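S.K.: whatever this is, show me its structure:
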Amino acid sequence: MTIRPETESFLSSVEQSAGRKFQYRNEIAALIDVAEEAGHRQLFDDLTFYAKFVTHASRILTGIGNSGTDTVKLSAEFQDGVEKITTLLRTLVKDAAPELRTLIVPRFVTLSPEGLELLLSLCGELNWVKNYSLDSGHHRK
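M.R.: Now for the predicted structure:
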């Protein structure tokens, strides 16, 4: 997959801001590019929004556990967020090249324990994309 130079530059800036290299840089770049090409920028923005929420909710739930009435609502919202993310991923890659669908769907949309772990890792990196966009006022073109 060829990544657009603007996307490479954007992700380099995000990684510099995060102070680390992304494990899923190619996947994120491909998602950005497919969203841009298909006119689905809003879908990608929604994806980063839910990724930010799910990342924070996961940290809270991991820290305090799933027992107690306080976590019932957050746990339900977390599950709803994960479902929205998987739907957005499927929608973004639905009409994409088969290699991108193969890269995304089996790894991040299959909600096995391993799939959920991979999805949460991807969400952690998408969270950095969202934070960078919010902090810098940077909007992809």
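S.K.: shaky segments in this protein?
M.R.: 1, 65-70, 137-141 (pLDDT under 70).
S.K.: hey, where'd the helices end up in it?
M.R.: 5-18, 25-37, 41-64, 70-93, 98-104, 113-136 (DSSP state H).
S.K.: just name the most buried of the ones you listed.
M.R.: Ranked by mean neighbour count under mean count of other Cβ atoms under 10 Å, the helices of the chain are led by helix 25-37, which reaches a mean of 20. C-betas here are computed from N, CA, C, even on glycine.
S.K.: so which elements touch it?
M.R.: When contacts are defined as 3 or more Cβ pairs under 8 Å, 6 or more residues apart in numbering; DSSP states H and E, helix 25-37 packs onto helix 5-18, helix 41-64, helix 70-93, helix 98-104, helix 113-136.
S.K.: again, 6 Å this time
M.R.: helix 5-18, helix 41-64, helix 70-93 (3 or more Cβ pairs under 6 Å, 6 or more residues apart in numbering; DSSP states H and E).
S.K.: relative to helix 41-64, how tilted is that helix?
M.R.: 140 degrees (axes from the mean of the first three to the mean of the last three Cα atoms, to 10 degrees).
S.K.: any chance of the helices and strands packed on helix 25-37 in a markdown table, plus distance to residue 135?
M.R.: Below are the helices and strands packed on helix 25-37 laid out as a markdown table (distance: least, Cβ to Cβ, whole Å):
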| stretch | distance to residue 135 |
| --- | --- |
| helix 5-18 | 7 |
| helix 41-64 | 12 |
| helix 70-93 | 22 |
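S.K.: tell me which of those helices sits nearest to residue 33.
M.R.: helix 5-18 (5.5 Å; Cβ to Cβ).
S.K.: what comes into contact with the closest one?
M.R.: 21-22, 25, 29, 32-33, 128-129, 132 (Cβ atoms under 6 Å, 6 or more residues apart in numbering).
S.K.: alpha carbons only: can I get it in CSV?
M.R.: C-alpha atoms of helix 5-18 as CSV (Å, rounded to 0.1, in the frame of the first residue of the first chain):
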residue,chain,number,x,y,z
PRO,A,5,3.0,12.0,1.6
GLU,A,6,0.6,14.3,3.6
THR,A,7,-0.4,11.3,5.7
GLU,A,8,3.2,10.3,6.3
SER,A,9,4.0,13.9,7.4
PHE,A,10,0.9,14.1,9.6
LEU,A,11,1.8,10.8,11.4
SER,A,12,5.4,11.8,11.8
SER,A,13,4.2,14.9,13.6
VAL,A,14,1.8,12.8,15.8
GLU,A,15,4.6,10.3,16.7
GLN,A,16,6.9,13.2,17.5
SER,A,17,4.3,14.7,19.8
ALA,A,18,3.7,11.3,21.4
